[in-house]
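1. This is a predicted model, with the sequence first.
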Amino acid sequence: MFETLIKFFKFCDVENRRKFYGSIIVGIFNSLFMALRIGAVAVMLRGVIATAFEGIPFETKTVWLSFGIMCVSVIGGIVTRKVTSMWQCEGGYRTCAKKRIEIAEHLRYLPMGYFNDNSLGEITSVTTNTMENMGDVATRAVMMVFQGLLDTALIIVMLFLFDWRIALVALAGFGLFEFVNLFMRLAVKNISADKMRDDAAEIGKVLEYIQGISEVKAYNLVGKRSRELNSVINRRKKTLIKMEMRCIPVSNIQSLVAKLSGVAMMITSLYFYLNGSMLLADCSTMLVCSFMLFNALEAGGNYSALLRIIDLGVTKASAILALPTMDIEGSEIQPSKRDIEARDVDFAYDTKKIIDGISLKIPEHTTTAIVGPSGGGKTTFCHLLSRFWDVDKGSVSLGGKNVKDYSMDSLMKNFSFVFQSVYLFHDTIANNIRFGEPDASMEKVIAAAKKACCHDFIMSLPNGYDTVIGEAGASLSGGERQRISIARAIMKDSPVIILDEATANVDPENERDLMEAVKELTREKTVIMIAHRLKTVRNADQIVVIDKGRIAEQGKHDELVAKGGIYARFIDSRKQAVSWKL
């Protein structure tokens, strides 16, 4: 139990860890105030019993003393409980909020291979379900478990001031309660891991189903995919029920132990009174205490079963934060030139080699077209140039300096990307355009949109630039999404532009506007384009043909056509495709 709580406190940042430590200290005072109730009860009972059985006149000051002690107990308890609750809630929720942000920042600097090897559901689950559970569960568990232990411990200490024998009975009950509580924590140990696994699986399957709903409908797989989703949901439901069914019997036994411990205190107190070894006033006080003692402990004991959730949550989040990032601690470099050079670059996904000894120079303010068979390594090579991955061997330089010498942020300032698959966020069109420059004025947004040839269609939308588009830009056509993506890149105004088949899936109606937008984007820039269309390739300053991870051919359009190699066959196939008619 304590190992888990200590692990959670270490997981917290310094500021929020202090809140938890402070809440524990204030919680001690809260327990002291709660224990004062015993003193108030004892004062009143002694006065009443002295009057009833010993004929001693009942004094008004006894009432005021008891009332005063009770007021101090109640008011002090309210104040300290408020402070502990606020600090623990702030500590728990703020810790989880900060860890979400920290995980998001950490993910920015992980090699892209991590996202290939790990499902979106697993990553999403950690940042949503796991952190949400920790925010809710950790706050309540820490509050209830710690406070229950403190209240019970201090009440037992108070009992030693009245009668050490009853205190020992209470201590034995406390020990037996904790023994049963240990079984509760063991009961949920393995099932907690299953719960978190099923949480991740459910999120992953839901995301897959929603993102692929058009394919599911197109291939009439609605029933099959629904069954798969329902199966995952039902499995998680069964895991949650199983978790509850494991906890409930042990929780009932735990509750029984707490109540029987109170009964044992009552019977023992009555026995000592009847044999004359305990005063009636003390016996009466012990009878009242037997009802008070285990209330807080019982509540805290039930929450202790959730400590395993905290333990696994901390482990999962810490595992992501411990993943080795690419070396991002470079310098803030602003190169005077943007020449790019790759020297003997090798790269592999696991054991599969994708790039094999490529060397290439890309002069500043030139256009380099990269073509080749599908799966040949074109996109991977462009990702290596912009350091989405680190090369396994060789080097990539920008402006004469190794890209690893740059800090990641300063390196990314030099690159803008327009991908074939455009991702737009569930936000206004204006905010999507200014994504790379959140504080940009509306005038700059409109200027970028006009250059990207998307101002007119934006103004035709219901709310213009304030129109909220669906997630991933689902409410826009492919060409419209692409032009907004180009406007976003224009806004960033980076000196190096990487176009990854940006015009591959555009319909003829959008092509003219899109080509005009690309022309505006690439004006006076260093351009690297992966392209399959002849008109986007033939005017490039150099054309690089990549096949099986190597540069198979390199030169200008006419030179490569004359060679009659891969590029020439590529051109012939494109000409045949264009001339084909029904």
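-> Sure, I can see it.
2. any idea how far the spatially closest residue to Glu298 that is not a sequence neighbour is from Leu176?
-> Spatial nearest neighbour of Glu298, chain neighbours left out: Ala258 (4.7 Å); criterion: Cβ to Cβ, 6 or more residues apart in numbering. Every C-beta, even on glycine, is put in place using the N, C-alpha and C of the backbone. The gap separating Ala258 from Leu176 is 9 Å, by Cβ to Cβ, to the nearest Å.
3. Among those two, which residue is more densely surrounded?
-> Between Ala258 and Leu176, counted using other Cβ atoms under 10 Å, the more crowded position is Ala258 (22 against 16).
4. continuing past the strand or helix carrying the more buried one, what's the next helix or strand?
-> Using DSSP states H and E, Ala258 sits within helix 222-274. Using DSSP H and E, the helix or strand that follows helix 222-274 in sequence is helix 280-292.
5. tell me what that following helix is packed against?
-> helix 14-54, helix 139-162, helix 164-187, helix 222-274 (3 or more Cβ pairs under 8 Å, 6 or more residues apart in numbering; DSSP states H and E).
6. Between those helices, which one is closest to Pro335.
-> Within the helices and strands packed on helix 280-292, the stretch nearest Pro335 is helix 14-54; the backing value is 37.7 Å (Cβ to Cβ).
7. following the closest one, which helix or strand shows up next?
-> Following helix 14-54 in sequence order, the next helix or strand is helix 60-108 (DSSP H and E).
8. Give me the residue at the spatial middle of this protein.
-> The chain has Thr127 as the residue nearest its centroid, 1.8 Å off, counting by Cα atoms, centre = their mean.
9. which residues touch the spatially closest residue to Val74 that is not a sequence neighbour?
-> In space, Val74 comes closest to Phe33 once its chain neighbours are excluded; the distance is 7.9 Å by Cβ to Cβ, 6+ apart. Counting by Cβ atoms under 8 Å, 6 or more residues apart in numbering, Phe33 makes contact with Val72, Ser73, Val74, Gly76, Gly77, Thr80.
10. any idea how far the closest residue to the first one other than its chain neighbours is from Ile551?
-> I take that to be Val72. Once flanking residues are discounted, Val72 sits nearest to Leu36: 6.2 Å by Cβ to Cβ, 6+ apart. Distance, Leu36 to Ile551, using Cβ to Cβ: 83 Å.
11. Ser441 now?
-> The value you get for Ser441 to Ile551, if Cβ to Cβ is used, is 44 Å.
12. Likewise for Phe58?
-> Using Cβ to Cβ, Phe58 is found at 104 Å from Ile551.
13. Let's have the helices and strands packed on helix 280-292 in a markdown table, adding mean pLDDT.
-> Formatted as a markdown table, the helices and strands packed on helix 280-292 follow (pLDDT from 0 to 100):
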| stretch | mean pLDDT |
| --- | --- |
| helix 14-54 | 81 |
| helix 139-162 | 76 |
| helix 164-187 | 83 |
| helix 222-274 | 81 |
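14. closest one to Glu102 among the ones you listed?
-> Using Cβ to Cβ, these put helix 14-54 closest to Glu102, at 12.3 Å.
15. quick one: that closest one to helix 280-292, angle?
-> Using axes from the mean of the first three to the mean of the last three Cα atoms, to 10 degrees, the direction of helix 14-54 lies 140 degrees away from that of helix 280-292.
16. Off-centre distance for helix 14-54?
-> Chain-centre distance of helix 14-54: 40 Å, with Cα atoms, centre = their mean, to the nearest Å.
17. angle of that helix against helix 60-108?
-> Using the same axes, to 10 degrees: helix 14-54 against helix 60-108 is 160 degrees.
18. residues contacting Val403?
-> Leu385, Arg387, Val396, Ser397, Leu411.
19. again but with Thr367, I slipped
-> Listed by Cβ under 8 Å, 6+ apart, the contact partners of Thr367 are Thr522, Val527, Ile528, Met529, Asn539, Ala540, Asp541, Gln542.
20. For Leu534, give me the pLDDT.
-> Note for Leu534: predicted pLDDT of 64.
21. now do the one 4 residues further on
-> At Arg538 the predicted local distance difference test score is 76.
22. burial measure for the closest residue to it other than its chain neighbours, as a count.
-> In this structure, Arg538 finds its nearest non-sequential neighbour in His557, 4.4 Å apart by Cβ to Cβ, 6+ apart. Counted with other Cβ under 10 Å, the neighbours of His557 add up to 17.
23. isn't His557 right up against Asp541?
-> No - checked against Cβ atoms under 8 Å, the pair His557 and Asp541 is beyond contact range at 10.3 Å.
24. Out of the contacts of Thr367, which one has the lowest pLDDT?
-> Across those, the bottom pLDDT score, 75, is held by Thr522.
25. my guess is that residue meets Ile497, correct?
-> Yes - counting by Cβ under 8 Å, Ile497 is a contact partner of Thr522 at 5.3 Å.
26. who has more neighbours, those two?
-> Ile497 (24 against 19).
27. quick one, strands of the stretch 401-550 of the chain?
-> For the stretch 401-550 of the chain, applying DSSP state E, counting those that start in this stretch gives strands covering 401-402, 415-419, 496-500, 526-530, 542-547, 550-555.
28. Quick one: closest of those to Lys237.
-> strand 415-419 (38.5 Å).
29. Just give me how far the closest one sits from the chain centre.
-> Distance, stretch centre to chain centre, for strand 415-419: 26 Å (Cα atoms, centre = their mean).
30. same deal with stretch 252-262?
-> Averaging C-alpha positions (Cα atoms, centre = their mean) puts stretch 252-262 39 Å from its chain's average.
31. how close does the residue nearest to Lys393 when sequence neighbours are not counted get to Phe177?
-> Nearest in space to Lys393, with sequence neighbours left out and distances taken as Cβ to Cβ, 6+ apart, is Asp346 at 3.8 Å. Distance of Asp346 to Phe177, computed by Cβ to Cβ: 62 Å.
32. neighbour-wise, which of the two wins?
-> Taking other Cβ under 10 Å, Asp346 and Phe177 do not tie; Phe177 has more neighbours (23 against 16).
33. isn't the more buried one right next to Gln254, touching?
-> Yes - because the distance of 6.4 Å satisfies Cβ under 8 Å, Phe177 is recorded as touching Gln254.
34. Show me where the stretch 301-450 of the chain has its helices.
-> Here the stretch 301-450 of the chain has its helices, by DSSP state H, counting those that start in this stretch, at 307-321, 378-385, 408-412, 429-433, 442-451.
35. Which of these has the lowest mean pLDDT?
-> Looking at the helices of the stretch 301-450 of the chain, the bottom one is helix 307-321 with a mean of 77.
36. Just give me how far it sits from the chain centre.
-> Its chain's C-alpha centre and that of helix 307-321 lie 11 Å apart, by Cα atoms, centre = their mean.
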